[in-house]
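Chemist: below are the sequence and a predicted model; questions follow.
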Amino acid sequence: MITIWGHENAPNVRKVIWTCEELRLSYERKDIGGPFGGVDSQSYRALNPNGRIPTITHDGFVLWESHAIMRYLVAITEGQALVPAGPQGQARVNQWMDWQLAHLGHAIRALVVLVLKPGDTVPTPAQIDAARMDLLALLAILDTALTGRSWILGEAFTLADIPLAINYNMWKVLAPDHEGFPALEDWYARIMARPAYKPLPARGAARPAG
């Protein structure tokens, strides 16, 4: 049995849950992290010394880092269709997954921290606008890549669409009325139609300035 450690509203945990659902893998999930705490406990640190989520356990095997987990889940699923068989298709999946981690994920996280989790220091409009413009530049890259395509690699939904969609969903929560990305919007409508996808709840008050 696969056990997913992490609460379902954490973006990186949602990547793993969604992957399991697409692959039709049985799993159980244990609430930990965020409002549930527990990531600093000795027992959890024995699984994941970083004290982050998600972590999975699978028949005695322990793995952390969301994209490593996603790739592992594909690897153990016979007949899976989320990663192409050829090296070039696999490289493209990895390219977009790594781009999400290195670029898009950092940009959306920076904006979320400023808008939803500002802490004791209230961010200035200029700080929010700068973070917003950084993210918009990356979303424009993604919109261009999706132009004329149903999915990020072409006509087939792949593992790479999952982390990209989770970040775009976070942007939709922050700026639900934003326009200007027609290819992204068409793609996201297809994402929304997938039974395994579960979007974050809307937060009407959480909008970036500008």
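Modeler: Good, I have the coordinates. Numbering: from 1, shown residues only.

Chemist: now do the buried residues in the helix or strand of the chain with the lowest mean pLDDT.
Modeler: Of all helical and strand segments in the chain, the minimum by mean pLDDT, DSSP states H and E falls on helix 105-115, at a mean of 93. Neighbour counts over helix 105-115 (16 or more other Cβ atoms under 10 Å) mark Gly105, Ala107, Ile108, Arg109, Ala110, Leu111, Val112, Leu114, Val115 as buried. Every residue, glycine included, has its C-beta placed from N, CA and C.

Chemist: select the longest helix from the chain.
Modeler: helix 125-146 (DSSP state H).

Chemist: coming back round to it: which elements pack onto the least confident helix or strand of the chain?
Modeler: Here helix 105-115 touches helix 125-146, helix 161-174, going by 3 or more Cβ pairs under 8 Å, 6 or more residues apart in numbering; DSSP states H and E.

Chemist: roughly how far out does it sit from the chain middle?
Modeler: Relative to its chain's centre, helix 105-115 lies at 13 Å (Cα atoms, centre = their mean, to the nearest Å).

Chemist: what does it contact?
Modeler: Contacts to helix 105-115, defined as Cβ atoms under 8 Å, 6 or more residues apart in numbering, come from residues 11, 123, 127-128, 131-132, 134-135, 138, 163, 167, 170-171, 174, 206-208.

Chemist: try it again with 7 Å
Modeler: The contact list for helix 105-115 (Cβ atoms under 7 Å, 6 or more residues apart in numbering) reads 123, 127-128, 131-132, 134-135, 138, 167, 170-171, 174, 206, 208.
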